[in-house]
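# Next input, structure requested:
(one chain, ligands or ions: 1)
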Amino acid sequence: MKEPFYPSYVELSKSSFQQNISFLRDYVGEDVLFSSVIKGNAYGHGIKYFVPLAEECGIRHFSVFSSDEAREACRASTQEDTHIMIMGMINNGVIAWAIERDVSFFVFELDRLRAAVKEAKRIGKPARIHLHLETGMNRLGLDSDTFENIVQLLKENHEHLRLDGICTHYAGAESVGNYVRVQEQIERFREYTSWFEDHGIEAEHYHTACSASALNYPETIMDMVRIGIAQYGFWPNRETYMNFVKRHPDINKKHRDPLNRVISWKSEVMSTKMVPAGEFVGYGNTYLTSRDQQIATVPIGYAHGFGRNLTNVGIVLINGERAPVAGLVNMNLLTVDITDIPAVTKGDEVVIIGVQGEQEMTVASFSEMRNFMNYEVLVQIPSTLPRHIVS
Ligand SMILES: *Cc1c(COP(=O)(O)O)cnc(C)c1O
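Residues are numbered from 1 along each chain as shown. Down below sits the predicted model:
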């Protein structure tokens, strides 16, 4: 589906997402609240497009990093009973907005809790909060020496606060190198939550699991999960996939990845040109033709997240064949060698991420070329590009 106004576009596959969700729901358990993590513009998928798509597939809980993303998600939502949770940044000045819109947020400092109480009292409506406990990540989280104060504030202001959750986040559950650290976090979380319980504080939900911890440490699933990367069809890393397949031989037998990529990124051939042997292509002298070569220009460059370090290294798909980048990646353009691909013409589809014919460009191959994590590649797909939902 081309877009006449835009040099490239993104497609989101509804059926792939549906399959991921049913696999993940089945895995974590039907009674577990599934929060779809949509920070980073829904990992590059586009909050505006992804939220309604997820809602159509039954998702009613979304996690964002910051208040601006929460606002975007609220605007995109089409369902009355959808809930948005802010896991990170919200200024005290925006807490009133969150309370009014029923948006919940993480509390990792006494200051934020006091601000929440103050605003809730003023508005006359309880603030929905999650206590984010420090268990060993040492980034954000309530230290245990604040717990007494927290309990007191919660009790004194119980009509102004609704404790939606008690939660934490693990410091690298995707890697076996962090095994001991994660185990310690799991233990500390158990210890702290029972301390709160002993002091009369119980939350509606207990949530600690991201994709990697849910997949590698099933005991972290509890009664709610915050799943990002896996719902988009990507394993957090290869280690997690291997680990999972080993523990689930049924999946191994089918030799089929239960996660399916949702996103594709496509463009078109802008122009083609014959360049004689012995000429440089594009800026400078990084690419010298070794024979008479056909060069196609594609309107994607580093301004769109196609890194300059893919110069002479990157690959795109044209007519079902792999076309290597020839020369420097420019700000808005790249040049590819199509000499061995028959009959390429202006307007032909170019796939940057996704399938064409028998070939596939995976996000992983794209990221490994650049030594990136797939998370990082995804979020660099420009938010300004149109997204189409395809079946
Ligand atoms: C990003 C994030 C998640 C989701 O992580 P994935 O690895 O994408 O599943 C969960 N919780 C917190 C606090 C996060 O920041």
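# Point out the residues in the stretch 51-200 of the chain that sit beside the ligand.
The stretch 51-200 of the chain has residues 87, 169 near the ligand, with proximity defined as CB under 6 Å from any ligand atom. Glycine gets a C-beta too; all of them are placed from N, C-alpha and C.
# Swap in 8 Å and give it another go.
63, 65, 87, 88, 106, 167, 169, 174 (CB under 8 Å from any ligand atom).
# Tell me which residue in the stretch 201-350 of the chain sits closest to the ligand.
Among all residues of the stretch 201-350 of the chain, residue 228 sits closest to the ligand, at 2.3 Å; criterion: CB to the nearest ligand atom.
# Could I get the pLDDT score of that residue?
pLDDT for residue 228: 97.
# surely it meets residue 34?
No - under the contact definition of CB atoms under 8 Å, residue 228 does not touch residue 34, with a separation of 11.6 Å.
# you'd agree residue 48 is in a strand?
No - applying DSSP: H, G, I helix; E, B strand; the rest coil, one finds residue 48 to be helix, outside a strand.
# Find the nearest non-adjacent residue to residue 123, please.
The shortest distance from residue 123 to any residue other than its chain neighbours is 5.4 Å, reached at residue 99 (CB to CB, 6 or more residues apart in numbering).
# how about the one you found, what does it touch?
Contacts here follow CB atoms under 8 Å, 6 or more residues apart in numbering; on that basis residue 99 touches 116, 119, 120, 123, 125, 126, 127, 128.
# what about the third one, how many neighbours?
Right, residue 120. 22 (other CB atoms under 10 Å).
# Assumed it was part of a strand.
No - with three-state DSSP as the criterion, residue 120 is helix rather than part of a strand.
# if I read this right, it contacts residue 162, doesn't it?
No - in this structure residue 120 lies outside contact range of residue 162 using CB under 8 Å: 9.1 Å.
# Between these two, which contacts overlap?
Common contacts of residue 120 and residue 162, defined by CB under 8 Å, 6+ apart, comprise 126, 127.
# tell me the centre residue of the protein?
residue 43 (3.2 Å; CA atoms, centre = their mean).
# Need the per-residue pLDDT for that one.
Per-residue confidence for residue 43 comes out at a pLDDT of 97.
# my guess is it contacts residue 232, does it?
Yes - in this structure residue 43 lies within contact range of residue 232 using CB under 8 Å: 5.3 Å.
# what sits in contact with each of the two?
With contacts defined as CB under 8 Å, 6+ apart, the residues shared by residue 43 and residue 232 are residue 378.
# just to revisit the earlier point, mind listing what's buried along the strand or helix carrying the residue nearest to residue 123?
Using DSSP states H and E, residue 99 falls within helix 95-100. Neighbour-count burial for helix 95-100 flags 95, 96, 97, 98, 99 (criterion: 16 or more other CB atoms under 10 Å).
# so where do the helices sit in the stretch 201-350 of the chain?
Ranges of helices in the stretch 201-350 of the chain, per DSSP state H, counting those that start in this stretch, are 211-216, 238-247, 249-254.
# could those helices go into a markdown table alongside distance to the ligand, mean neighbour count and mean pLDDT?
Written out in a markdown table, the entries for these read as follows (distance: least, CB to the nearest ligand atom, whole Å; neighbours: other CB atoms under 10 Å; pLDDT from 0 to 100):
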| stretch | distance to the ligand | mean neighbour count | mean pLDDT |
| --- | --- | --- | --- |
| helix 211-216 | 3 | 25 | 97 |
| helix 238-247 | 9 | 15 | 90 |
| helix 249-254 | 19 | 10 | 74 |
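# Select, out of those helices, the one closest to residue 268.
Between residue 268 and the helices of the stretch 201-350 of the chain, the shortest separation by CB to CB is 32.4 Å, and it involves helix 238-247.
# and residue 345, what is it in contact with?
Applying CB under 8 Å, 6+ apart, one finds that residue 345 lies in contact with 269, 272.
# hmm, 10 Å instead?
269, 271, 272, 296, 319 (CB atoms under 10 Å, 6 or more residues apart in numbering).
# is it true that the second one touches residue 295?
Yes - in this structure residue 271 lies within contact range of residue 295 using CB atoms under 10 Å: 9.0 Å.
# more crowded one of these two?
When residue 271 is set against residue 295 and neighbours are counted by other CB under 10 Å, the residue ahead is residue 295, at 22 against 14.
# Give me the local confidence score for the more buried one.
98.
# Pull up the gap between it and residue 51, please.
41 Å (CB to CB, to the nearest Å).
# likewise residue 41?
If you measure residue 41 against residue 51 using CB to CB, the figure is 11 Å.
# Neighbour count for the two, which is higher?
For residue 41 versus residue 51, the count of surrounding residues by other CB under 10 Å is larger for residue 51: 26 against 19.
# quick one: that one and residue 76 touch, right?
Yes - counting by CB under 10 Å, residue 51 touches residue 76, with 3.9 Å between them.
# hey, what's in contact with both of residue 271 and residue 295?
With the criterion set as CB under 10 Å, 6+ apart, the overlap between the contacts of residue 271 and residue 295 is residue 335.
# what is in contact with residue 41 and residue 51 at once?
Overlap between the neighbourhoods of residue 41 and residue 51 consists of residue 72, taking contacts as CB under 10 Å, 6+ apart.
# Can you get me the start-to-end distance on stretch 279-294?
Stretch 279-294 has an end-to-end distance of 12 Å (criterion: CA to CA, to the nearest Å).
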